[in-house]
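Visitor: make a model of this:
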Amino acid sequence: MRAFPVNRDTIDLLVTAAYISTPAYRSSTPRELAENADRMGQSLWDENHASVSYAIKQHIAAPHYEWQPVAEIVPLADDEQALQIERSRLLLAEVSCHHPEWDQSPARDLVERLGDAIARRFSHRPLVDSPDHLGVKEYEGLHRAVEVWEREIGFRHPLTHDAAAREGSRP
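Guide: Reported below is the predicted structural model:
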């Protein structure tokens, strides 16, 4: 069982992805969109911190959340970016599901809706054996996505010179 607080960039990525992929989350005005995004992100972070608190048996409050959109995926994420969103979604679910309220939470609903959107997007993409998890099938190419996404790292596009240079400079 892993439970740890995810970073703000991961929450921003998932909230932005929810808005571009799921019509149920769209808003009529920019102000309403920003307020709803703040609430959505806070919900994700609250559930994540509740899970960590439950796992370590000590209360850890989630920081205040204000959405900072991930502009690189607006208006539509490419396949590599969608794979990163899926990796981030799976991580958030894994590290946030340990407390009893997770199953009925709006955060879990959001994570499931994102999963449905990704499944529709990749309905044509083959499932392959995961190189990291024995017996697990995953979307082809998912292993290229980083587990903990940060804006500083950015999206990994393996066939570009810039991405290869960034990969070479990692510790």
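Visitor: give me the longest helix you can find in the chain.
Guide: helix 30-56 (DSSP state H).
Visitor: just the strands in the chain please.
Guide: Taking DSSP state E as the criterion, the chain carries its strands at 127-129, 137-139.
Visitor: which other residues reach stretch 26-42?
Guide: Contacts to stretch 26-42, defined as Cβ atoms under 8 Å, 6 or more residues apart in numbering, come from residues 11-12, 14-15, 18-19, 25, 62, 64-67, 69, 106, 110. In this view, the C-beta of every residue, glycine as well, is placed from N, C-alpha and C.
Visitor: would you mind checking those for buried ones?
Guide: Among these, those buried by neighbour count (16 or more other Cβ atoms under 10 Å) are 11, 12, 14, 15, 18, 19, 25, 62, 65, 67, 69, 110.
Visitor: out of the strands of the chain, indicate the one that is most buried.
Guide: Here the criterion is mean neighbour count by mean count of other Cβ atoms under 10 Å, and of these the winner is strand 137-139, at a mean of 17.
Visitor: same question for that one, mean pLDDT?
Guide: The average of the pLDDT scores along strand 137-139 is 96.
Visitor: same question, stretch 77-92
Guide: When pLDDT is averaged along stretch 77-92, the result is 95.
Visitor: go on, stretch 63-70?
Guide: 97.
Visitor: send the alpha carbons of that stretch over as CSV?
Guide: The C-alpha coordinates for stretch 63-70 follow below in CSV (Å, rounded to 0.1, in the frame of the first residue of the first chain):
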residue,chain,number,x,y,z
PRO,A,63,-3.0,22.8,1.2
HIS,A,64,-5.4,25.4,-0.3
TYR,A,65,-5.7,24.7,-4.0
GLU,A,66,-6.1,27.2,-6.8
TRP,A,67,-6.2,25.8,-10.3
GLN,A,68,-3.3,26.6,-12.7
PRO,A,69,-4.3,25.2,-16.1
VAL,A,70,-1.8,23.0,-18.0
